[in-house]
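Peer 1: fold the following.
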Amino acid sequence: MTLRLVHSRHDLPPFWDGEPVTWDAWQDIRSSLALHVPAHELACDKCGAVDENLIAWGIRPPNEPTYTTTETRTTPTGRKYEAQVEVKAYPVRDIYASRCRHCGHDVVTDTRTDERWDLDETDYGPEGSTSDTLF
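Peer 2: Numbering: from 1, shown residues only. Below is the predicted model of the structure:
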């Protein structure tokens, strides 16, 4: 009988603070950024390599599942009136990961809060990143 070990490490956290995240594929985006930014700002915090990172965008559910707005409606007689309607909110690409091309270190940026976190091994498990494991 042959036993196979199942690799439980995800490429990126499947959850972010309890919210499920669907990650896009890693994108290899090259630009002229390196010509305009000081080298120390492009350097990886872990290995010091100066290079542009790979980028992956994440899609999370919205903070509010619906929102209320005012809509103008017209009666069959042509009279206009305003009505309050609930509109479904859709998930947005508001979180992204950048990965060092040399050492594989990941940093996640949350565009809702403008916060950045260095990921460690605990963030890649089935529970993903939680506020207890974020640095």
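Peer 1: what pLDDT does the residue minimising distance to the centre of the chain get?
Peer 2: Residue closest to the mean C-alpha point of the chain, counted by CA atoms, centre = their mean, is residue 95 at 2.2 Å. Predicted confidence (pLDDT) for residue 95: 93.
Peer 1: show me the contacts for the most far-flung residue of the chain relative to its centre.
Peer 2: With CA atoms, centre = their mean as the measure, the chain has its most outlying C-alpha, relative to the mean C-alpha position, at residue 77: 48.4 Å. When contacts are counted by CB atoms under 8 Å, 6 or more residues apart in numbering, residue 77 touches no other residue. All C-beta atoms are positioned from the backbone trio N, CA, C, and that covers glycine.
Peer 1: next, count neighbours for residue 58.
Peer 2: 23 (other CB atoms under 10 Å).
Peer 1: and it, which helix or strand is it part of?
Peer 2: Using DSSP states H and E, residue 58 maps to strand 54-60.
Peer 1: please name every helix or strand in contact with the host helix or strand of residue 67.
Peer 2: For residue 67, the enclosing helix or strand under DSSP H and E is strand 66-74. Helices and strands touching strand 66-74, by 3 or more CB pairs under 8 Å, 6 or more residues apart in numbering; DSSP states H and E, are strand 80-88.
Peer 1: what's the spacing between the residue farthest from the centre of the chain and residue 35?
Peer 2: 64 Å (CB to CB, to the nearest Å).
Peer 1: on the C-terminal side of the helix or strand of the chain with the lowest mean pLDDT, identify the next helix or strand.
Peer 2: Sorted by mean pLDDT, DSSP states H and E, the helices and strands of the chain end with helix 33-36, the least confident at a mean of 76. Using DSSP H and E, the helix or strand that follows helix 33-36 in sequence is helix 39-42.
Peer 1: show me what counts as buried in that following helix.
Peer 2: By neighbour count with 16 or more other CB atoms under 10 Å, helix 39-42 contains no buried residues.
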